[in-house]
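Chemist: Test case, fold it:
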Amino acid sequence: MIAVIVMSSTTFAIPFLIDIFGFGGVFAARFVYGVADGFILPASNWIISRWVPRNELSQAGSLFTSGFQLAGIVGPPVSAAFCESSVKWRGVFYLCVMGALWVLLCYFLGKDTFQKSKLISTEEKAYLSGKINDQRYKQKTKRKMPWKEMITCVPLLACLYSSFCFHVLLMFIASYTPSFFKEVFQLKTINNGFYSALPHLGQAITKILWGIFIDDLKIRGKISQTTSVRVSQSFSCILVGIIMLIIRHNMDCDDVNVVAVMFVLLGLALGPSTSGFFTSLLSLAPLHTGTLTSLSMLIGSLGMIACPWIVNMVRVNGTPEEWQTILLIISLLVISSGFIFGTMASADAQSWAVQNAVNADIVMEKNGVNKDLEVNKDVEVSKDIEVKDDIGVNENNSLLRKSAK
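Modeler: Next up, the predicted model:
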C-alpha cells in the first residue's frame, strides 16, 4: 500500500513539478516512482504463492496481471482524448487518483495470507491448508539465502532470459507502437490511441482463457507442471516472433487495418506467456518467491532499457525500412527466448529450495517447536483443528477433513 501511495502521489505531482522545477523535478519524481514500483510485483507474487495452490497458479497469475492489459486498453485512447481536450496532457496524470481507491479497498479487505481472511469460509481455509503445504511452519527462524544455488539454477536463468526478452517486447508495444503508427501510417492522435491499444486487448483475452485451459489440464493430470510452463512460453514466443515478421513484410500495405489486425493477433499470441515464465517464477522456490521476482524485475528493467537503445540506434528518420530492422531484432530476441525456455525451464520446486524448508523444520524441532503448528492462530477456526503435513485437518474433526479432501 505504501508503494501505491508513493506512486500515485508522485504521478499526481508531475504537472506541478514541471511548472516549478522543470525537467529536474520530473526526473526526481519518476525516480521515486520507479523505486516504489519495484516493491509491487515481489510483494504481490509472495501473496499469490500463499493464497493459490500450485495447480491453479497459471490462471491466478493471468487474472492478477490482467490489470496491465486493462490499463493498456483504456490508457492510450483516454490519454489521446485528454491531449485533444481543453485539459490537455495534464489530465493524464490526474488519473492516478484511482490509486487512492485501491489503497482503501486493500486496507479494509486485503490480507497477506488466507488464514487471516474473514471473507472466506472455514471449509475454504481447510482446503487451502491441505493444498498449500509450503507454510506448515511459522517463519520464526532465520534462513540462509541460497544465492549460489539461485544464480546457478538453469530453470531460473531461463526465466530471467525470458523476462529480459519479454520486457523488450513489452516496452516496444507500450512506448513505440504510437510512434510506429504515426511515422509509417501517419495516423492522427485519436486514431493512434485506438490502434495502440489493440495488442493489449488481444493479450487480455487469451491470457485468462489460456490460464484456465492449462490449469484444467494440470488438475486432470494430462500434463505436468513443467510441461505446462514450457509449452505456454514457447508457443507464445515463437508465435509472437512470427507475427512480428509478418508485420515487418506488410508495412507497405496501404490499408492500415490489415496491420491493425496483425497487432491484435500479436496480443493474442502474447497472452499464453503469463502461464509460462511468470508461473515458473511462482513455482521454483515458494519460500523465496519475492526474491526471485525481484531478480526477474531487475533483468526485466535491463530489457526495458535495452529497447530504447535498440530503437534509437536504428531509427534516425522514422522510415519504414528502419522500423523493419527494429521489428526483425525484437522478433529474433523473442523467438530465441521461446526456444531457450522450452528446453531449460521448470515449474517444480528446486532441490535447494526444498532442502531449505526441511532445514528450517529441523531447526524448529530442535528448538522445541511442534512441526504441526496450528494454521489458525490468527483467525480461530476450531480448537480441535491442527495443520497436518498434507491434509491440514485433525482426525478428531471429520467434517473439515472431508472438506479438505
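Chemist: The helix ranked longest in the chain packs against which elements?
Modeler: Using DSSP state H, we find that the single longest helix of the chain is helix 57-84. In terms of contacts (3 or more CB pairs under 8 Å, 6 or more residues apart in numbering; DSSP states H and E), helix 57-84 is packed against helix 40-51, helix 90-94, helix 189-196, helix 198-219, helix 277-284. (C-beta placed from N, C-alpha, C; glycine too.)
Chemist: If we use 6 Å, what do you get?
Modeler: Packed against helix 57-84 by the contact rule (3 or more CB pairs under 6 Å, 6 or more residues apart in numbering; DSSP states H and E) you find helix 90-94, helix 189-196, helix 198-219, helix 277-284.
Chemist: Check the offset of the shortest one from the chain's centre.
Modeler: This points to helix 90-94. Relative to its chain's centre, helix 90-94 lies at 26 Å (CA atoms, centre = their mean, to the nearest Å).
Chemist: Residues in contact with that helix: which ones?
Modeler: 11, 14-15, 79, 82 (CB atoms under 6 Å, 6 or more residues apart in numbering).
Chemist: Out of these, which end up buried?
Modeler: Listed as buried from these are 11, 14-15, 79, 82; burial here means 16 or more other CB atoms under 10 Å.
Chemist: Switch the residues you listed over to CSV; also include pLDDT and distance to Ile151.
Modeler: Output for the buried ones among the contacts of helix 90-94, formatted as CSV (pLDDT from 0 to 100; distance: CB to CB, whole Å):
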residue, pLDDT, distance to Ile151
Thr11, 86, 34
Ile14, 87, 37
Pro15, 86, 43
Ser79, 79, 40
Phe82, 77, 45
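Chemist: Return the closest of the residues you listed with respect to Gln350.
Modeler: Thr11 (38.0 Å; CB to CB).
Chemist: Relative to the whole chain's centre, how far out is stretch 60-74?
Modeler: That offset, for stretch 60-74, works out to 9 Å (CA atoms, centre = their mean).
Chemist: export it as CSV, just CAs?
Modeler: Only the C-alpha atoms of stretch 60-74 are listed here, as CSV (Å, rounded to 0.1, in the frame of the first residue of the first chain):
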residue,chain,number,x,y,z
ALA,A,60,-4.3,-16.8,-10.8
GLY,A,61,-1.2,-15.1,-12.4
SER,A,62,-3.3,-14.3,-15.6
LEU,A,63,-6.1,-12.7,-13.6
PHE,A,64,-3.7,-10.8,-11.3
THR,A,65,-1.7,-9.3,-14.2
SER,A,66,-4.7,-8.5,-16.3
GLY,A,67,-4.7,-5.0,-14.9
PHE,A,68,-1.7,-4.3,-17.1
GLN,A,69,-3.8,-5.1,-20.2
LEU,A,70,-6.8,-3.2,-18.9
ALA,A,71,-4.6,-0.1,-18.5
GLY,A,72,-3.1,-0.7,-21.9
ILE,A,73,-6.6,-0.9,-23.4
VAL,A,74,-8.1,2.2,-21.7
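Chemist: Make 59 the starting number, not 1.
Modeler: That works, and once the first residue is 59, the last one we named lands at stretch 118-132.
Chemist: Nearest to the middle of the chain, which residue? Look it up for me.
Modeler: The C-alpha lying nearest the average C-alpha coordinate of the chain belongs to Thr123 (CA atoms, centre = their mean; 5.1 Å).
Chemist: which one is that one nearest to, not counting chain neighbours?
Modeler: Distances taken as CB to CB, 6 or more residues apart in numbering put Thr332 closest to Thr123, at 5.8 Å, once the chain neighbours are dropped.
Chemist: which residues touch the one you found?
Modeler: 119-120, 123, 265.
Chemist: rerun at 7 Å
Modeler: Residues counted as contacts of Thr332 (CB atoms under 7 Å, 6 or more residues apart in numbering) are 119-120, 123, 265, 269.
Chemist: Equivalent analysis for Gly334, please.
Modeler: By CB under 7 Å, 6+ apart, the residues touching Gly334 are 287, 290-291, 294, 399.
Chemist: Which pLDDT value does the model give the nearest residue in space to Ala129 that is not next to it in sequence?
Modeler: Leaving out its chain neighbours, the residue that sits closest to Ala129 by CB to CB, 6+ apart is His258, at 7.8 Å. Per-residue pLDDT puts His258 at 84.
Chemist: Quick check, His258 in contact with Ile131.
Modeler: Yes: using CB atoms under 7 Å, His258 is in contact with Ile131, at 4.8 Å.
Chemist: Comparing those two, which shows the higher neighbour count?
Modeler: In this view His258 and Ile131 are compared by other CB atoms under 10 Å, and His258 has more residues nearby, 25 against 20.
Chemist: For this structure, give me the ranges with low pLDDT.
Modeler: Applying pLDDT under 70 to the chain picks out residues 191-201, 310-312, 413-463.
Chemist: Helices of the stretch 209-358 of the chain, residue ranges please.
Modeler: Taking DSSP state H, counting those that start in this stretch as the criterion, the stretch 209-358 of the chain contains helices spanning 212-229, 235-243, 247-254, 256-277, 283-306, 314-328, 335-342, 347-372.
Chemist: got the angle for the second one vs helix 247-254?
Modeler: With axes from the mean of the first three to the mean of the last three CA atoms, to 10 degrees applied, the angle from helix 235-243 to helix 247-254 works out at 110 degrees.
Chemist: can you state the direction angle for helix 235-243 and helix 256-277?
Modeler: 130 degrees.
Chemist: from the chain's centre, how far out does helix 235-243 sit?
Modeler: Remark: helix 235-243 is offset 27 Å from the chain centroid, using CA atoms, centre = their mean.
Chemist: Show me what that helix packs onto, helices and strands only.
Modeler: The criterion is 3 or more CB pairs under 7 Å, 6 or more residues apart in numbering; DSSP states H and E, and the helices and strands that helix 235-243 contacts are helix 247-254, helix 378-402.
Chemist: who wins for proximity to Ser233 among these?
Modeler: Short answer: helix 247-254, nearest of the helices and strands packed on helix 235-243 by CB to CB, at 9.8 Å.
Chemist: so what secondary structure elements neighbour the closest one?
Modeler: Looks like helix 247-254 contacts helix 115-142, helix 235-243 (3+ CB pairs under 7 Å, 6+ apart).
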